[in-house]
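> structure, please.
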Amino acid sequence: MSILHSVERFIRRHDIPPTRFGRDAVRDPRFVFDLRLGREPTDRMKRRVEHFMNTYKGSF
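Just a heads-up that it's a prediction; the model follows:
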């Protein structure tokens with residue numbers, strides 16, 4: 001599964017705006033929009049995103 005697919009499922013499941021997800025996960029509010037446009041994140045960035053999703057507690 002691609003990182004974009006995982007992120008899209010996560011933001012739908014948790015009802016998080018894409019800008020909020022990007023800001024909280026990787027300090028980049030445009031992250032999800034850039035992924036949608038074809039941005040390929042580095043392996044380090046993918047690990048940061050996966051860590052954020054795996055440890056998310058649902059409190060903002």
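> pLDDT score assigned to G58?
With respect to pLDDT, G58 scores 75.
> residue contacts, it?
For G58, the residues meeting the contact criterion (C-beta atoms under 8 Å, 6 or more residues apart in numbering) are H14. Every C-beta, even on glycine, is put in place using the N, C-alpha and C of the backbone.
> center of this structure, which residue is that?
Within the chain, the residue whose C-alpha comes closest to the C-alpha centroid is V7; the distance, by C-alpha atoms, centre = their mean, is 4.7 Å.
> shouldn't S6 be in contact with M53?
Yes - the pair formed by S6 and M53 meets the contact definition of C-beta atoms under 8 Å, at 6.9 Å.
> low pLDDT regions in this structure?
Flagging of the chain using pLDDT under 70 yields the residue ranges 59-60.
> can you give me the helices for it?
Taking DSSP state H as the criterion, the chain carries its helices at 3-14, 18-26, 31-36, 43-55.
> now for the longest one, which elements pack on it?
Spelled out, that is helix 43-55. helix 3-14, helix 18-26 (3 or more C-beta pairs under 8 Å, 6 or more residues apart in numbering; DSSP states H and E).
> mind checking those helices for the one nearest to L37?
With C-beta to C-beta as the criterion, L37 lies closest to helix 3-14 of the helices and strands packed on helix 43-55, at 10.1 Å.
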